[in-house]
Structures are given as C-alpha cells and as structure tokens.
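Participant: I would like to see how this sequence folds:
(chains A, B and C)
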Amino acid sequence: MDLLSDLNEQQRIAVTTTEGPLLILAGAGSGKTRVITHRIAYLIAERDVPPSNILAVTFTNKAAQEMRERVEKLLSDVRLQSAPLVSTFHSLCVRLLRRDIAGLEEGYTRSFTIYDQDDSVRVTKACVKDLGFDEARLSARQVQSQISHAKNSGLDAELYAARVESHDEKRAAIARVFRLYEERLRSNNALDFDDLLIKTVRLLRKSDDVRERYNDRFRFILVDEYQDTNSLQFALIRLLTQKQQNICVVGDDDQSVYGWRGADITNILNFEEQYPNTQVIRLEQNYRSTQNILDAAGSVVKNNTERKGKTLWTSNPSGDLLRYYQALNAEVEARFVAARIEEHLRLEPKTRAAVLYRTNSQSRLFEEALRRAGIAYNIVGGFSFYERAEVRDIVSYLKLALNPHDSIALMRVINSPPRGIGKQTLDEIERRAKDYAVSHWETIAIMAEGGERLAARTVAALKNFHQIITKLVEASGREPASEVVKAAILDTGYANTLKAENSDEAEARLENLQELVNAAVDYDNEEAGGLREFIDAAALSSDTDQYKGDAHVTLLTVHSAKGLEFPVVFIVGMEDGLFPHARSASDKAALEEERRLAYVAITRAEKYLYVTHAMKRRVYGEELASEPSQFLNEMPLEIMEDLSRGASWLSFARGSSRLESRQAARALSGAGDSKRHTGKTYDSAESIAEFFRQRSQQVGGSSASAPAKATTQKARAASASNNSPSSSASGFVPGTHVRHPKYGRGLVLRREGSDDSAKLTVSFPGFGQKKLIEKYAGLEKA
DNA sequence: GAACTTGCTGAATTG
DNA sequence: CAGCAAGTTC
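Facilitator: All right, here's what the predicted structure looks like:
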C-alpha cells in the first residue's frame, strides 16, 4: 500500500522526515491524526524500524486506541513481530514504574496502588480533619487542587512549606496538610496522578540504568497534543530523548486549553529552542469545515496575542451561515436545540450532532429537553462508568484483594454493604491504627480476635469482614480477573443487598456491575494482564473515553470535544461569565485560554454551526440576567443568520455596527445586508449592544495596531449616542457592576451626560432596568 | 447502628 | 439547587 499517495505536500514531508526533531504545527482539521498514523506506519514499513522502537504518546486512552487501530489498518499487509507502543502519558508512567519503581529507593514497591482524584480528595479530607483544621474553612477539594498544582510545578511538601510566608495562615495550613498527605500516600504504597509523572521523571534522573534502557528502546518518539504538555511531561520527553533526537511533536498553540492543569504553552512555543535543528512544518489546509466556520474561528482567535499565528484555509465551499439564537432563558435554549436536532435528524437520519457547553452542570437541561423530545443521546463526562459509587466500591474490593493494606479502599467498603460496622467501631479502628502504627487491615485482624472493651457483636462483624477480604485475596492469587470481580460482587453481599432493595435504581446498579464483569471478561480474553492491569485501566480511564463515535447526539464539554468533529455543532451558553468563564475575566492569559477554547469549539463543526445564548439563567438556584459572550461579538456578524424570535442582540449589534469600522473591515461579505434593523424597537437588546460598543472601546478594540482607529471610533460613538464614555474617571461606566441600597446588585448598561449629574441605565436582576441620576442613586461599586 | 431530617456551603475545564 | 456533614429518632 502506498502510504504517501493520499497526503498533501506538507503532510508528506511530515511523514517522511523521520530523523531529528520535528515540530508539526497542525491546525484544527488539518489531518493531524492521519499524519501521525501514517508516520508510524511509514517508519515501520519503509524505514524498517522495529515497531518496539517506536513510542507514541497521547493524552487520552481513546486517542491512543484510535491511533493503534488506524496504524494496524495501514499495516494490515505487513507482518509485525511486535506492535509500536501507543500510550497515554499516565499509562506509560505506570508501565515504567510497575517495573522499576524500586530503583527510586523511596520505599515504594511494584504493587503500588493508584489514587485517582476522588481518592486524593478523601485522603486530603482525612488529613485536614486529623490536623484539627476546620473542614469548612479549608475545603479538601481546594487544598487538594493546591497540592496538585504545587506538585506539578515541581514543589514537594518541604519546598512548598519553605515558600509559604509566615503570615499566610491558610497556606501554612495547606503546607502541613501537604506533608501529611504525602506521608499517608507513602505509607499506603500509593501514588496519585501527579506522582505517576513525578516519580517516573525522578526515576529516570536517578537511575542511569533505567534511563539508558528506555533511551535505547524508544528510538522514535511522537507526542500528540503537544500544546497540552506540562513541565513534568516535558522533562519526561527530555529524559527519553537524551541519546537520540528523533522526536516529533504535533500540536496547535491555538488549541492549548489546559493551562489551568499546568500545561505550559511555552513547551510548544519554545520547542525550536529546546531542540536545536528542529524542522517546522505547518499544516494549514483544513479538510473538516466550511469556509464560514473557519472564518468565525479565525476571527475570534486572532484577538489573542500569544500565538505563533497561522491561517487555516480550505477548499471546501463557504457553506451555510452560522446560526444564531438568543433564548429567553436556559430552558428555552435547550428546547430550541432539541427541536433543531430533531429537524436535522429528520432530514439526515445519519448525521451526528454535538452540544458543546462550558461547564458540565449545563448538561442537565439539554438531557431533559432531548429526553422529552424522544431523542437518544450520549453524554460524555459527569459521572463516568468508573466513577459510579457501586463500581468504585467493587474496584475497592479488588484493590483490597491485591493489597489489603490499602486503607482508602478498606475504609470505603468496610461497611458497604452495611454489615454492622458503624461509626463507633470505625473511630476505634482509626484510633488503634494510629496507636499501634500499623495499617487498618492489621488493626482489624487484631480486633477480630476479640479483647477488652469490644462488644461481641462488633468482634463478630469485624471477623466477618476480615474473612471476606481474606477470601478475596486468596481468589486473586489463583483466579482470572473476571472471577475475582464476580467474587467481589457476590461473596461480599453487595449484590444481595442491592437485590433486596428492589428498586429501579438498585436494578440499574446491578446492571452496571454486570457491565464491570463483562469488561473484566474482555480483559481476560484480550490481554494476559490479570487483575492488576484491569484495576490500573479502571483508575486511568477518563471521561472522554466514554465517547461513542457512532452516537447521533452527543453532549459534552468543549474540553472533552477537543479532537472530535461533528457535522452539526451547537455551542450553547455563549454568555458573559459562563463562556468566557467568570473566573477568567480578570486575567489576560486566562481570557486568552477561554478564547482558544471558543476556537476549539467552533472548529469542531463540519457543516452547521449554531451559537446560542440565554438572557436569563439559574445560578445557585437564583435566576440571573446574563449578557451575550464577547466571543459572539468577535465573530463576523455578517455570516450569521438570526433564528431568534423577535428582537435579539445580534439584530441590534448588526444595525449599530453598520457605521463602524468592524463593518468596513469586513465589507467583503455582503451577507446580512437584507437584515437591516433600526434598533428602535429593541429596548433591551439595544442596551446590550450599547454595552458591547462601550466595552469594545474600553478594551481598545481587537488589535493593538490601530490606536488611531479606536479614537475615531470612540469619537463617533460619543457623538452618535451623546455619551462620554470613560471621560469621568470617578463615574460608573457601562459594564460596571454596582450595588444599590434598594435593588441590590446590578449592571450599568448605559450612561448619559457627564459628571455627577449623569443619568445611568442600570439593570437589576429581578427588578428590571432603572434609570437613575448618579448623584442621588447612592450606588457603590459591587 | 441505621435511616431520616436539617442546615450549610459551594461548581470550571480533567488524566 | 444539590451534596454532604452533623444532628435526631427509632
């Protein structure tokens, strides 16, 4: 088979440049996966590289699996002795550590357990409690994320503590939790997700032996989604490429959306400096989307300053206009989306649609609307299979089967199903474990022998539990994984308790457990890994792994959608404070990341792209007014079609921007001209548009290169609407959040007149818009 | 010890 | 509004 015939020129160079460092800047939809898979196949088939010398690293299992399958397909007529290793960063680390962790000399053994985030939070919580800190003031979740952040930036507990200012009480507390947390993990022979990378890097640094071995083994390394790598992952790559520099990284700086998780965009921006003699290849032809969709994406992302800059182009037709919809509230938005999906499926039963949202909590309304419309959907994220309580319980039993000293697992299931071991007994176990300085498991063994101050009932209950686990441990020594899973479900009483409940919910849980058994059976058949690997896979499985490519309708966050494509895409909740998220508003870098996120969302679409927003939305159970996202304003309005009922932000923004430079700059396209509106009938929309116009001036427009233009724009706006924006430094300019003695929090929409006699139009959630004279209103900044 | 009630606090994105 | 911890009752 000719591996190069169906590639374009750039792709071909990317595939055949096999020696030396290579940076492939691959725009969205430019055939990135195809290049990687062809490259692997090419190395094997044309350059006679033994597959075992190739390592390809991805971020998700799903991507890894897809890559494996595609390579296999390309090489279907080549006989292979081995397969290239296609793996996620985390499973690569597990693989190394399962073999060599003892070389670290930190007391860890090869049978270490992996703590996922939920486990980590549990440990953190226990640490906070045991150190006597107030759990309400020091939320375990927050502390855990601080610890994780520290670990990812190369700080251990000691370094972190040393960095904490003495007066910063909270951080000092976190530092103490951090230290205890690390101790607990170590004494449980457990590693959290961050440790997997940290320990691997440390091991490769420490042991020349191990480092050499893997340098010799992996002579050709590929890294996908390189823009998402963090400093530890970079260090890992560095260590693996000491002997050779056949390192090929593929990424797109415009799609870097994991900065909050420690991803370091400079890894890709500075790759050429880190690896001298790097060849750079740009893949800029997009095969996925229509021209209009690409225009929208480009028009948004070009507002970012921190980027390498590239322009996607396509030979695809311009396609349909983007479809815009302004909903009264979030419920209406969901109903609109469901109705449109129904329509698309009616016209094209085989099409696939995706609903993309910023936060998982938005999914519920769409689930309800789709269910009501009788449309089947698939949802990614939220509670994934391995995160369900019953699955986690059984997995905990399995962990105990391999290592009964795993206290986290033990405490999780010691009384589920209920077997008469209550809080009193648990506290007693905790106390004694600490006193004797032995594991909970050993403590239970001692207590099960009976003794002073223990009720006979308690002793019997503990004995029972001890026996159950002992049996599981024995079973794990001789039975295949699936049999141990069955035992963990049946012999622990778990299944019986669920059956006895006799409810629909219990029924569903039983089905999930059946599913777990099925997974284990598959595992027994396919790989000879055994229970250990089965549990590792469960721990490392991720949300995006649940994505089913053949589903007609998929609900997922924008983050989870990265790397996927759909003929029909809905980007919903395009509102200020939601997308971009409020937590990013203050920070320029964070806002740029949000913008890249918008870019990712837009470029998922092949043919039809919908953008929607709601005027009102429930937050914390309270209904709040919301403004359209600034990213909507950054799209070319003339390639949007307005599907809103009645007046909308778009209809007004379009009318009001007619005279302004943005229109002139985009005069190329004649679309939208037929939809001229005077704006006079659109009271609320008018104020929203006003708000935008004002804000774009405050922010200084989209590019730094046009100060002169910004001034004329400002002057014109001022004369047109009789405003004097930002002339009174002390006053409340539109966009400011204010507090009113009677109406509470509100948003300034408009300001008329100057100095302190200015008239303000302020929108108060729940009270509507009020016109107020600034000097009498008693407003304060909120 | 278990099941139920109340009252509080807090959700951004994920391997 | 929801999920969780502490408090209450059987």
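
Participant: and the stretch 551-700 of chain A, which residues reach DNA strand C?
Facilitator: Selection of the stretch 551-700 of chain A residues close to DNA strand C by Cβ under 7 Å from any atom of the strand yields A:618, A:620-621. C-beta: built from backbone N, CA, C; applies to glycine.

Participant: neighbours of residue A:279, just the number please.
Facilitator: The number of residues packed around residue A:279, counting by other Cβ atoms under 10 Å, is 16.

Participant: show me the contacts for it.
Facilitator: When the contact criterion is Cβ atoms under 8 Å, 6 or more residues apart in numbering, the partners of residue A:279 are A:17, A:20-23.

Participant: who's it bridged to?
Facilitator: Here residue A:279 sits in beta bridges with residue A:22, going by DSSP bridges.

Participant: and residue A:404, how many neighbours?
Facilitator: Applying the criterion other Cβ under 10 Å, we find 21 residues in the vicinity of residue A:404.

Participant: list the residues that contact it.
Facilitator: A:410, A:439, A:441, A:469, A:473.

Participant: DNA strand B: which of the residues you listed is nearest?
Facilitator: For these, the minimum distance to DNA strand B (Cβ to the nearest atom of the strand) is 15.8 Å, reached by residue A:410.

Participant: okay, helices next: where are they in the stretch 251-400 of chain A?
Facilitator: With DSSP state H, counting those that start in this stretch as the definition, the stretch 251-400 of chain A shows helices at residue ranges A:266-269, A:271-274, A:291-301, A:330-347, A:363-372, A:389-402.

Participant: near DNA strand B, which residues of the stretch 501-650 of chain A?
Facilitator: Applying Cβ under 7 Å from any atom of the strand, one finds that the stretch 501-650 of chain A approaches DNA strand B through A:540, A:542-544, A:557, A:559-560, A:581, A:583-584, A:590, A:594, A:597, A:620-621.

Participant: residue A:154: which element?
Facilitator: Counting by DSSP states H and E, there is no helix or strand that carries residue A:154.

Participant: and it, what is it in contact with?
Facilitator: Under the criterion of Cβ under 8 Å, 6+ apart, the neighbours of residue A:154 are A:231-232.

Participant: same check on residue A:608?
Facilitator: Residue A:608 touches A:320, A:323, A:344, A:567-569, counting by Cβ under 8 Å, 6+ apart.

Participant: which of those sit farthest apart?
Facilitator: A:323 and A:567 (13.6 Å; Cβ to Cβ).

Participant: the residue nearest in space to the middle of chain A: what's it in contact with?
Facilitator: Chain A has residue A:559 as the residue nearest its centroid, 4.5 Å off, counting by Cα atoms, centre = their mean. When the contact criterion is Cβ under 8 Å, 6+ apart, the partners of residue A:559 are A:257-258, A:597.

Participant: just the buried subset of these, please.
Facilitator: By the neighbour-count criterion of 16 or more other Cβ atoms under 10 Å, the contacts of residue A:559 include these buried positions: A:257-258, A:597.

Participant: including pLDDT, could these go into JSON lines?
Facilitator: What follows is the buried ones among the contacts of residue A:559, written out as JSON lines (pLDDT from 0 to 100):
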{"residue": "A:257", "pLDDT": "94"}
{"residue": "A:258", "pLDDT": "92"}
{"residue": "A:597", "pLDDT": "96"}
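
Participant: element containing whichever residue of the stretch 1-150 of chain A sits closest to DNA strand B, please.
Facilitator: At 4.1 Å from DNA strand B, residue A:90 is the closest residue in the stretch 1-150 of chain A, using Cβ to the nearest atom of the strand. Using DSSP H and E, residue A:90 maps to helix A:89-100.

Participant: list of residues touching stretch A:239-252?
Facilitator: By Cβ under 8 Å, 6+ apart, the surrounding residues in contact with stretch A:239-252 are A:18-28, A:32, A:35-36, A:39, A:55, A:201, A:204-205, A:211-212, A:214-216, A:218-228, A:237, A:268, A:271, A:275, A:277.

Participant: give me the number of residues near the residue of the stretch 1-150 of chain A closest to DNA strand B?
Facilitator: Burial of residue A:90 is recorded as 22 neighbouring residues (other Cβ under 10 Å).

Participant: what's the closest non-adjacent residue to the residue in the stretch 501-650 of chain A that DNA strand B sits nearest to?
Facilitator: Residue nearest to DNA strand B within the stretch 501-650 of chain A (Cβ to the nearest atom of the strand): residue A:542, separated by 2.9 Å. Spatial nearest neighbour of residue A:542, chain neighbours left out: residue A:60 (5.7 Å); criterion: Cβ to Cβ, 6 or more residues apart in numbering.

Participant: pull the contacting residues for that neighbour.
Facilitator: Under the criterion of Cβ under 8 Å, 6+ apart, the contact list for residue A:60 reads A:88, A:542, A:544-545, A:563.
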